[in-house]
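Engineer: below are the sequence and a predicted model for it; my questions follow.
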Amino acid sequence: MGARAVLDACKARGVMLATAESCTGGMVAAALTEIAGSSAVVERGFVTYSNAAKMEMLGVRAATLEAHGAVSEPVAREMADGALARSRAQIAVSITGIAGPGGSDHKPEGRVCFGLARESTPTRVETVEFGALGRDKVRQAACAHALALLLSAAQA
């Protein structure tokens, strides 16, 4: 239901979306574009796995990465804002996190930061602690959460 509901809600409101993904590696864009007719809604997706890609493709500032690290709400905010600014979309979601295995005491496995940018609306950010579920499950959970954020934005 998730991806189809997002597409239906965006189509009903005449809005397009963009994704900016790090730890999910394009899973959100793939879930959306798996559905026929998604080109009416999905404007583009950015897979920015490295810090260099985040800076070059989305305009994330080096100072933000240095001060907070890639897995942080400030970086998620700049990723979402950058995706919105560098596309023709009206809604953009960003995902950056630690899918595992591994992590640290400061940034544990399963921590994922999300950004949600919309035209003429302050960008929202949040962190979800999915826990050490294993790489695949963290990525799946992050994808599902990003789709839920997009749905909420499309219905607002």
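Structural biologist: Everything's here; your move. These numbers were taken from a predicted model, which means no experiment stands behind them.
Engineer: please enumerate the helices of the chain.
Structural biologist: 2-13, 27-33, 51-58, 62-68, 73-85, 135-155 (DSSP state H).
Engineer: between those helices, which gets nearest to Ile95?
Structural biologist: helix 135-155 (5.3 Å; CB to CB). Quick note: C-beta positions are derived from backbone N, CA and C, even for glycine.
Engineer: out of the helices of the chain, which comes closest to Thr121?
Structural biologist: Nearest of those (CB to CB): helix 135-155, 8.3 Å.
Engineer: relative to Gly69, how far out is Ile91?
Structural biologist: Distance from Ile91 to Gly69, counting by CB to CB, to the nearest Å: 26 Å.
Engineer: most tightly packed of the helices of the chain?
Structural biologist: Mean neighbour count (mean count of other CB atoms under 10 Å) peaks for helix 73-85 among the helices of the chain, with a mean of 24.
Engineer: who are the packing partners of that helix?
Structural biologist: strand 17-21, strand 42-47, helix 51-58, helix 62-68, strand 91-97, strand 111-118, strand 121-129 (3 or more CB pairs under 8 Å, 6 or more residues apart in numbering; DSSP states H and E).
Engineer: great, nothing more from me.
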